[in-house]
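>>> sharing a sequence plus its predicted fold:
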Amino acid sequence: MKLAHNYYVYIVECSDGVYYTGVTNDLERRIQQHNDGDNKGSFTYSRRPVVLKYYEHFQNIKEAISYEKQLKGWSRKKKEALFRNDIAGLKKLAQSYNNPSPGSG
């Protein structure tokens with residue numbers, strides 16, 4: 001019998017308002033590590049505390065890593081639409097990204 005694996009892609013908001021996206025196999029522990037400042041060289045160390053804004057569960061690590069990379073490329077507005085579960089807003093932002101208006105680039 002194959003055991004299920006648990007992976008989480010997550011986004012936290014840092015104290016300076018910056019969003020950090022990561023992947024972990026233990027969400028609660030990872031958020032605690034960010035806030036405890038376990039790694040002085042980490043991106044979030046000087047931006048503590050962090051607040052969990054979003055997470056998604058995966059059973060396949062390759063899918064989780066792929067989604068993490070995708071989210072890292074998203075704009076702040078698109079991530080905030082994701083937090084609100086604003087599907088229409090996500091579609092609109094994706095469309096405007098794929099078809100920029102004349103003079104916007």
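Structure received.
>>> please enumerate the helices of the chain.
Under the criterion DSSP state H, the chain contains helices at 27-36, 61-72, 76-83, 87-98.
>>> what does the first one contact?
Applying Cβ atoms under 8 Å, 6 or more residues apart in numbering, the contact partners of helix 27-36 are 8, 10, 12, 20, 22, 24, 39, 42, 44, 48-50, 52, 55. All C-beta atoms are positioned from the backbone trio N, CA, C, and that covers glycine.
>>> okay, Asn60 and Asn6: tell me how far apart.
11 Å (Cβ to Cβ, to the nearest Å).
>>> please read the previous query as pertaining to Arg29.
Separation of Arg29 from Asn6 (Cβ to Cβ): 12 Å.
>>> neighbour-wise, which of these two wins?
More crowded of Arg29 and Asn6, by other Cβ atoms under 10 Å: Asn6, with 13 against 10.
>>> run through the residues that contact that one.
Contacts of Asn6 (Cβ under 8 Å, 6+ apart): 25-26, 57-59.
>>> that older thread, could the helices of the chain go into CSV alongside mean pLDDT and distance to Asp16?
Below are those laid out as CSV (pLDDT from 0 to 100; distance: least, Cβ to Cβ, whole Å):
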stretch, mean pLDDT, distance to Asp16
helix 27-36, 97, 14
helix 61-72, 97, 18
helix 76-83, 96, 13
helix 87-98, 83, 23
